[in-house]
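Q: Build the 3D model from these lines:
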Amino acid sequence: MEVFVFQVFLYSVLLLVIARLLGGIEVTNYGQALLAAFVLSVLNVLIRPILIILTAPILLLTLGLFLWVINAWLLMLTSKVVDGFKVRDFTTALLAALLLSIFTLGWSVLVG
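A: Take a look at the predicted model:
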């Protein structure tokens, strides 16, 4: 449970940073970033494994790069659910998913 809470907190900070870096993402305040991070984390736990199983052949053909497309789709879905979190288009969501992956990878390397 503590890991999930920390992940939500980390995602909320990263969403705010990514919104500053990319022009196509809008987060109204930190509370909305926290809510968006919570929804994104829940979607990652519930829907992402199903999408991975359904798209397994594509994942194998792309050597796992299709995971960024799945993550971008989940970001788009999160923007539909959370009012104060908006993603302009799929390209922006794909770039945000890439940055989110890089930042979380960097964090996991630093922390261990």
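
Q: What segments of this protein are strands?
A: Along the chain, the segments classed as strands by DSSP state E run 25-27, 85-87.

Q: Quick one, which of the ones you listed gets closest to residue 4.
A: With distances scored as Cβ to Cβ, the stretch of these nearest to residue 4 is strand 85-87 (19.1 Å). (C-beta placed from N, C-alpha, C; glycine too.)

Q: I'd like the average pLDDT over the closest one.
A: The average of the pLDDT scores along strand 85-87 is 97.

Q: Also stretch 68-78?
A: Mean pLDDT, computed over stretch 68-78, is 97.

Q: can you give me how far it is from the chain middle?
A: Computed by Cα atoms, centre = their mean, to the nearest Å, the chain-centroid distance of stretch 68-78 equals 7 Å.

Q: Can you list the neighbours in contact with it?
A: Counting contacts by Cβ atoms under 8 Å, 6 or more residues apart in numbering, the residues outside stretch 68-78 that touch it are 36, 39-40, 43-44, 47-48, 51-52, 55, 85, 87, 90, 93-94, 96-98, 100-101.

Q: Just the buried residues of these.
A: 36, 39-40, 43-44, 48, 51, 55, 85, 87, 93-94, 96-97, 100 (16 or more other Cβ atoms under 10 Å).

Q: Just the residues you listed: which are in helices?
A: The helices in this structure, assigned by DSSP state H, contain 36, 39-40, 43-44, 48, 51, 93-94, 96-97, 100 from these.
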